[in-house]
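>>> The sequence and its predicted three-dimensional model are supplied below.
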Amino acid sequence: MAVVIRLARMGAKHDPKYRITVADSRRYVTGKFLDILGTYIPTPKGNDKKVELDLAKVEEWIKKGAQPTDRVKHVIKLAQAK
């Protein structure tokens, strides 16, 4: 089973919000997942935070062999820059 860390689109039309999930790569993107690591809002409004990510959980999943997608790698860099 290939485990990936990827974005699952949530939110409304023209107002995307993403949940950062750990899932089996064969599952549908918004389908079942193993764990939720945080959220990513590309265009935050008001008091919204652009990135909320549990970096300890991310490291734990990567040590277990989960592969982050390119977009998730970018989001991890944004979270580490804070």
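Arrived safely, thanks for sending.
>>> Tell me the gap between the lengthiest helix in the chain and the middle of its chain.
Identified as the longest helix of the chain according to DSSP state H is helix 70-81. The chain centre lies 9 Å from the centre of helix 70-81; the measure is CA atoms, centre = their mean, to the nearest Å.
>>> and if you look at stretch 15-33?
Worked out by CA atoms, centre = their mean, stretch 15-33 lies 8 Å from the chain centre.
>>> Quote the end-to-end distance of it.
23 Å (CA to CA, to the nearest Å).
>>> Could you give me the buried positions within that stretch?
Lys17, Tyr18, Arg19, Ile20, Thr21, Val22, Ala23, Phe33 (16 or more other CB atoms under 10 Å). Where you see a C-beta, it was placed from the backbone N, CA and C, and this is true even at glycine.
>>> average model confidence for it?
Stretch 15-33 comes out with an average pLDDT of 90.
>>> Go ahead and name everything in contact with that stretch.
Residues outside stretch 15-33 that contact it (CB atoms under 8 Å, 6 or more residues apart in numbering): 1-11, 34-43, 53, 61, 66, 72, 75.
>>> from these, which would you call buried?
Buried members of the contacts of stretch 15-33, counted by 16+ other CB under 10 Å: 4-8, 37-41, 53, 61, 66, 72, 75.
>>> Which pair of those spans the longest distance?
Ile41 and Ala66 (22.5 Å; CB to CB).
>>> Mind checking which of the buried ones among the contacts of stretch 15-33 land in helices?
Trp61, Val72, Val75.
>>> can you put the residues you listed in CSV and add pLDDT and distance to Asp48?
As requested, these are arranged in CSV below (pLDDT from 0 to 100; distance: CB to CB, whole Å):
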residue, pLDDT, distance to Asp48
Trp61, 96, 25
Val72, 95, 19
Val75, 95, 15
